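In: Predicted model and sequence follow; I will ask about them next.
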Amino acid sequence: MDLIAVSQIGKMQRARIEKDIGIKLYTDYAYLHRSGSRVGDTSPERMSQLFGCRPEDYSYHFVIQVSDCLLSCGNCGCKENPKKFTAEKLVDMFMQFRNAALTLGVTVNVFCLGGASAFCCPFWKVLRQELDSRGMEGVMLLAGTFFVERETASILPWEQLDIHHFMLTGCLKGLDREDFLSQTGKDLFSVAASELKHYVQASNFYLSLRYSDTFACAGLDSLIAKERVDFLITDRGTFCHAGRFF
Ligand code: SF4
């Protein structure tokens, strides 16, 4: 895979980016994100667990939104004016962002493939190689799966996880059949639960769920150990990471 489709950054997102991180650093197809500035990202703590680094070293993420997702979520921001990029061009963009951020006193150590990144999973290794060839072996690659790639596109992302400095987060788009259908427009909850099984043993994978109180109710406790799950909002209204509240 030589090219991936990347979505343009929408107007709403641009406004949010500035508000979130207090600095204006984005282009039409990439933006800087500060993890922890919004609900929904515990990846620095996960990286810290895996690599023994400090979470704050992985706070700032260079983000592109991979397009071409086959789900149909009503609030999707990853399908606007997609444009195809090579790994070489994306790494050029990453380096430009990194240099610009450095002048603001910010170090960027994470290249995040947002949106439908598991649909282009063969590209993960291509991108890793491009980063490595430019001396950025320590830059973390972060991607995500929605657990429907095999069913909808005959793609097996779990076979592509053997990459250094790589982490995959899983997002279950709904906690039962009706919830999944209403969020994504597709009746694929049982497919997602089935594909999740392929990831649960991988050391560089974790599942991100919005509410902790629905974990057992949805039957997920029989599929994945609680330590492999981050609950972004608990029933007490707090964040929880791997069983630890913060
Ligand atoms: S899962 Fe939904 S929100 Fe995410 S990229 Fe696909 S359609 Fe968009």
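Out: Right, received. Where do you want to start? Numbering: from 1, shown residues only.
In: got the residues of this protein near the ligand?
Out: Applying C-beta under 6 Å from any ligand atom, we find that the chain lies next to the ligand at 69, 71, 72, 73, 76, 78, 115, 116, 146, 173, 184. (Each C-beta comes from the backbone N, C-alpha and C, glycine too.)
In: which among the residues you listed gets closest to residue 88?
Out: residue 115 (20.3 Å; C-beta to C-beta).
In: what sits against that closest one?
Out: The contact partners of residue 115, by C-beta atoms under 8 Å, 6 or more residues apart in numbering, come to 7, 64, 65, 66, 67, 69, 78, 144.
In: ok, now how distant is residue 139 from residue 230?
Out: 22 Å (C-beta to C-beta, to the nearest Å).
In: More neighbours: those two, which one.
Out: Legend: neighbour count by other C-beta atoms under 10 Å for residue 139 and residue 230, higher for residue 230 (24 against 20).
In: Tell me the bridge partners for that one.
Out: In this structure, residue 230 bridges to residue 208, residue 241 when assessed by DSSP bridges.
In: hmm, back to that, can you say which of the contacts of residue 115 are buried?
Out: For those, a neighbour count by 16 or more other C-beta atoms under 10 Å gives the buried set as 7, 64, 65, 66, 67, 69, 78, 144.
In: need the contact list for residue 172.
Out: By C-beta under 8 Å, 6+ apart, the contact set of residue 172 is 146, 147, 180, 192, 193, 196, 207, 209, 220.
In: Reformat those residues as JSON lines; add pLDDT and secondary structure.
Out: What follows is those, written out as JSON lines (pLDDT from 0 to 100; DSSP: H, G, I helix; E, B strand; the rest coil):
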{"residue": "146", "pLDDT": "93", "secondary structure": "coil"}
{"residue": "147", "pLDDT": "95", "secondary structure": "coil"}
{"residue": "180", "pLDDT": "89", "secondary structure": "helix"}
{"residue": "192", "pLDDT": "92", "secondary structure": "helix"}
{"residue": "193", "pLDDT": "89", "secondary structure": "helix"}
{"residue": "196", "pLDDT": "94", "secondary structure": "helix"}
{"residue": "207", "pLDDT": "91", "secondary structure": "strand"}
{"residue": "209", "pLDDT": "83", "secondary structure": "strand"}
{"residue": "220", "pLDDT": "82", "secondary structure": "helix"}
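In: first vs last residue of stretch 196-203, how far apart are they?
Out: 14 Å (C-alpha to C-alpha, to the nearest Å).
In: tell me which residues in that stretch are buried?
Out: Across stretch 196-203, burial judged by 16+ other C-beta under 10 Å covers 196, 198, 199, 200.
In: Distance check, the third one against the ligand.
Out: In other words, residue 199. Taking C-beta to the nearest ligand atom, to the nearest Å as the measure, residue 199 falls 16 Å from the ligand.
In: Start the count at 15 instead of 1 going forward.
Out: Yes, from this point I'll number from 15; that puts the last item at residue 213.
In: would you say that residue is within a helix?
Out: No - if the criterion is DSSP: H, G, I helix; E, B strand; the rest coil, then residue 213 is coil and not within a helix.
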